[in-house]
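K.L.:
give me coordinates for this.
(2 chains)
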Amino acid sequence: MIRAATILWIALAGAVGFGLFQLKHQVHALDEELLRLNRQIAAEHQTIHVLKAEWSYVNQPQRLEAMAQRHLDLTPMKPRQLMRIAELPSRPAEDVAIASPPTPPTALPAGAATSSAPRSTANVRPPVPPRPQIASRPSVIRAPASGFRPAAAQPDTPALGPR
Amino acid sequence: MASRVGDILARVPARLTLDGTAKEAIETARHRIVVAGALFALAFGVIAIRLFDVTILKEAQEPRPQRVAETGRVEMDRADIVDRNGVLLATSLATASLYANPKQIFDPQETASKLARTLSGLNEREIAQRLASERSFIWIRRNLTPKQQDAVNRLGLPGVYFQREERRVYPHGSLTGHVVGFTDVDNRGLMGAEQAFDEQLKGRAEPLQLSIDIRAQHALREEVAAAIKEFHAIGGAALLMDANTAEIYAMVSLPDFDANTPGTAPAEARFNRTTLGTYEPGSAFKTFTAAMALDYGTGALNTPYDATRPIMISRFRIDDYKPQRRVMNMSEVFMHSSNIGSVRIAEVVGRDRQREFLGKLGLLRTTPFELFENTPPQVPSPWREVNMMTIAFGHGISVSPLTLATSTAAIVNGGIYRTPTILRRADGERSRGERVVSARTSEQMRKLMRLVVEKGTAKNANVPGYLVGGKTGTAEKIENGRYKKDARISSFVGAFPMNSPKFLVYMMLDEPKGTKATFGYATAGWVIAPSIQRIVQRIAALYGLEPIDDQAPAIRDQLFVNVAVR
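P.N.:
Numbers count the residues shown, from 1 in each chain, chains lettered A, B, ... in the order given. Predicted coordinates for the structure are as follows:
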């Protein structure tokens, strides 16, 4: 009887000891993992820091300007190209009535660029080719000039920097 | 238990069995066992309590290896500097610096030759000498590149170590050279914002935000550089300032230098013309003469002044650049930039009041400013009658472009003088400022300055839709106390849009030469005004300024000046 109890206690103590060892081992492994991850995070932060400096470096305005001149068809914007919506002439009535859409939208009528809701007469017009989206400052848009191309109408995004 | 003890005792040889004493001994042993047991129990109890305390209660206090994941940013000893839109202008990058402990080096000659072969530009003999010295610390090379560090590591030299250091890096190089400045190898600010805000930059986490806008800075720098090239000038400067808050958006001084390698730049390139240089403003100073007369009420826009004859005083002869030889009203004097007329305007105000007025406008003292590169104006003392006359048209007094721009901003912004700053103010935040001229004077001055661009000497600066206004100034340079005839400082100070000025813009060229395109003229109307036009065109849209119809009746009413009085 005494013997059975002793064996039980020894077995229990052994089991608890083993369990504790296992747990400790696991915790240790997790600690190691955490340490490794923290080191990695610190290294990534360091890399981000360096990349931020590099980002600023590659965004030098003079560099962007040279690149834009080489690769883009954009030219510096003239104040004349800015207009308020209120200053735009309202769309003439015959423009709506004549049902011949401009085939390729090389030069859009001034009214086409406004963000006003479609008019009730719009449904009598044949399908219009997709318009270049002009979505920048709502109050100011460019007025089309001669030789004006929709692609050039996109105002400079801040990322492009000053021209 | 007692019986066992009895058994043991029973087995003990008979000569030791003592009946009475045996029982006594058993009692003693029992007592001792109890005492010993109690002691052990106590000891184990203390250990148990301590164990409980250490493992369960004290857990939080124990320095364990980090329990949580790191989320913090990179810890640097010196904060970043950013522009008003958050573009990085200066940052610290970690580098390794190489040092040696000569006491641990056995063969200085070999160490030196190995290092010299690995790191280019290292003086082998000098390093060997220093390695052989008795000191225990010498720098070999600061701020190695990772590649160099790796190469030195591969040499496996004893007594040679790396120290983690920080190095300031300026991604925009020379674009912000004068404004941001630079630090020495120990990261102490030596110039610009690095010097002015040295204490704040040390040990703060969030970046320091300047009022500079890198886009405007670039536009101004490019235009000044183009003008210098076109007119073969020896230098130039430009300023863009918020006319209402006195924040400086751009500050350019050419020639400039790359802040990453300041040591290689000549002293002249490190000289900030906008704040350290003082120049005779020439006719640009007539703004203050006109404002003075309007503010003291000694003259109005249509008050006539006699400019029929040159003025002779002591050894000076004051004449006009393009003499009209007639009576002109104040608007005409300003529009044609008449020296004689300006003297007449100042004469009516008087010498003492002129001095008082210029003092009030901050033109006779060092302009309060954050940068250490700052300088007081050169003011005549005593202030004689002749000084009053020459100062009326901007000669015989030298001020820095910053001083001139700050005071002109006060004239156009409604009459409030605010000290300039290169720190970004929160939107809508303004320093209190100090009223220096009445709102009415300011309004009339805006009309006059618009007139100069519309019909006067600065027509080339006009930008349809942006109502540019300003005043040109061309002054001959002084060398050894004499005016040099063919060496000029041409400048323009103005603002836009003139109905409600948002920006003050200043630009100058040092010794521009006329070209065929300017018919040989090197005056400001020819060499500066076109650059001002391009600058305004480039930056107005950046800040969402809508073009204004300059012919609209409301605008005409606001800015119209009737000059036709003959």
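
K.L.:
so what's the residue count around B:Arg432?
P.N.:
6 (other C-beta atoms under 10 Å in any protein chain shown). Every residue, glycine included, has its C-beta placed from N, CA and C.

K.L.:
quick check, it in a strand?
P.N.:
No - under DSSP: H, G, I helix; E, B strand; the rest coil, B:Arg432 falls outside any strand and is assigned coil.

K.L.:
mind checking the end-to-end distance for stretch B:305-313?
P.N.:
Counting by C-alpha to C-alpha, to the nearest Å, you get 18 Å between the two ends of stretch B:305-313.

K.L.:
what about it, average pLDDT?
P.N.:
Taken as a whole, stretch B:305-313 has a mean pLDDT of 87.

K.L.:
do stretch B:449-465 as well
P.N.:
The pLDDT scores in stretch B:449-465 average 89.

K.L.:
what residues sit buried inside that stretch?
P.N.:
By neighbour count with 16 or more other C-beta atoms under 10 Å in any protein chain shown, stretch B:449-465 contains the buried residues B:449-454, B:456-458, B:460-463, B:465.

K.L.:
where in chain B is pLDDT low?
P.N.:
In the predicted model of chain B, residues B:1-19, B:58-74, B:563-566 satisfy pLDDT under 70.

K.L.:
B:Ala250 in helix, strand or coil?
P.N.:
strand.

K.L.:
which strand residues bridge it?
P.N.:
Legend: beta-bridge partners of B:Ala250 under DSSP bridges are B:Leu240.

K.L.:
so what's it up against?
P.N.:
By C-beta atoms under 8 Å, 6 or more residues apart in numbering or on different chains, the contact list for B:Ala250 reads B:Ile212, B:Asp213, B:Ala216, B:Gln217, B:Ala219, B:Leu220, B:Arg221, B:Ala238, B:Leu239, B:Leu240.

K.L.:
again with B:Thr406
P.N.:
Residues in contact with B:Thr406, defined by C-beta under 8 Å, 6+ apart, are B:Met241, B:Ala246, B:Gly362, B:Thr367, B:Tyr417, B:Arg418, B:Thr419, B:Pro420.

K.L.:
show me which of those are buried.
P.N.:
Using 16+ other C-beta under 10 Å as the burial test, these include B:Met241, B:Ala246, B:Gly362, B:Thr367, B:Tyr417, B:Arg418, B:Pro420 as buried.

K.L.:
can you redo those as TSV with secondary structure and distance to B:Ile539?
P.N.:
Shown next, in TSV, are the buried ones among the contacts of B:Thr406 (DSSP: H, G, I helix; E, B strand; the rest coil; distance: C-beta to C-beta, whole Å):
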residue	secondary structure	distance to B:Ile539
B:Met241	strand	12
B:Ala246	coil	17
B:Gly362	coil	26
B:Thr367	coil	23
B:Tyr417	strand	24
B:Arg418	coil	21
B:Pro420	coil	18
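
K.L.:
my guess is B:Lys484 is in a helix, correct?
P.N.:
No - under three-state DSSP, B:Lys484 falls outside any helix and is assigned strand.

K.L.:
I'd say it and B:Ile478 touch.
P.N.:
Yes - B:Lys484 is in contact with B:Ile478 according to C-beta atoms under 8 Å; the separation is 7.3 Å.

K.L.:
quick one: which of the two has more around it?
P.N.:
Neighbours per residue (other C-beta under 10 Å) separate B:Lys484 from B:Ile478, with B:Ile478 holding more: 16 against 12.

K.L.:
the host helix or strand of that one - contacts with which helices or strands?
P.N.:
Taking DSSP states H and E as the definition, B:Ile478 sits inside strand B:469-479. In terms of contacts (3 or more C-beta pairs under 8 Å, 6 or more residues apart in numbering or on different chains; DSSP states H and E), strand B:469-479 is packed against helix B:439-454, strand B:482-496, helix B:524-527.

K.L.:
get me the contact residues on chain A for chain B.
P.N.:
Proximity of chain A to chain B, by C-beta under 8 Å from any C-beta of the partner chain, involves residues A:31, A:34-35, A:37-38, A:41-42, A:45-46, A:48-50, A:52-57, A:59-62, A:65, A:76-80, A:82-84, A:87, A:137, A:139-140, A:158, A:161-163.

K.L.:
narrow these to those in helices?
P.N.:
Those of those mapping onto helices are A:31, A:34-35, A:37-38, A:41-42, A:45-46, A:48-50, A:52-57, A:61-62, A:65, per DSSP state H.

K.L.:
list only buried entries from these.
P.N.:
A:Leu34, A:Asn38, A:His45, A:His49, A:Ala53, A:Ser56, A:Pro61, A:Gln62, A:Glu65.

K.L.:
please name the bridge partners of the closest residue to chain A within the stretch 1-150 of chain B.
P.N.:
At 3.8 Å from chain A, B:Leu88 is the closest residue in the stretch 1-150 of chain B, using C-beta to the nearest C-beta. Beta-bridge partners recorded for B:Leu88 (DSSP bridges): B:Val82.

K.L.:
how about the contacts made by it?
P.N.:
A:Lys52, A:Ala53, A:Trp55, A:Ser56, B:Asp80, B:Ile81, B:Val82, B:Pro171, B:Pro207.

K.L.:
could you do B:Asp184 as well?
P.N.:
Residues near B:Asp184 by C-beta under 8 Å, 6+ apart: B:Leu190.

K.L.:
same deal with B:Tyr417?
P.N.:
With C-beta under 8 Å, 6+ apart, B:Tyr417 has these contacts: B:Leu361, B:Gly362, B:Thr406, B:Ser407, B:Ala409, B:Ala410, B:Gly433, B:Glu434, B:Arg435, B:Val436.

K.L.:
which residue packs closest to it, ignoring adjacent ones?
P.N.:
Computed as C-beta to C-beta, 6 or more residues apart in numbering or on different chains, the closest residue to B:Tyr417 that is not its neighbour in sequence is B:Ala410, at 4.0 Å.

K.L.:
what's the first-to-last distance across stretch B:514-531?
P.N.:
Stretch B:514-531 has its terminal residues 15 Å apart, counting by C-alpha to C-alpha.

K.L.:
so what touches that stretch?
P.N.:
For stretch B:514-531, contacts defined as C-beta under 8 Å, 6+ apart pick out B:223-224, B:226-227, B:230-231, B:233, B:282-284, B:321, B:453, B:457-461, B:472-474, B:488, B:490-492, B:507-509, B:512-513.

K.L.:
list the ones among those residues that fall in strands.
P.N.:
Among the contacts of stretch B:514-531, the ones falling in strands (DSSP state E) are B:Thr472, B:Gly473, B:Thr474, B:Arg488, B:Ser490, B:Ser491, B:Phe492, B:Met507, B:Met508, B:Leu509.

K.L.:
widest-spaced pair of those?
P.N.:
B:Arg488 and B:Met507 (14.0 Å; C-beta to C-beta).

K.L.:
show me which of the two is the more surrounded one.
P.N.:
Under the criterion of other C-beta under 10 Å, the comparison of B:Arg488 against B:Met507 puts B:Met507 first, with 29 against 26.

K.L.:
ok, and the closest non-adjacent residue to the more buried one?
P.N.:
For B:Met507, the closest residue by C-beta to C-beta, 6+ apart turns out to be B:Ala238, at 4.2 Å.

K.L.:
check B:Met312 too.
P.N.:
Nearest residue to B:Met312 in three dimensions, chain neighbours excluded: B:Ile318, at 7.7 Å (C-beta to C-beta, 6+ apart).
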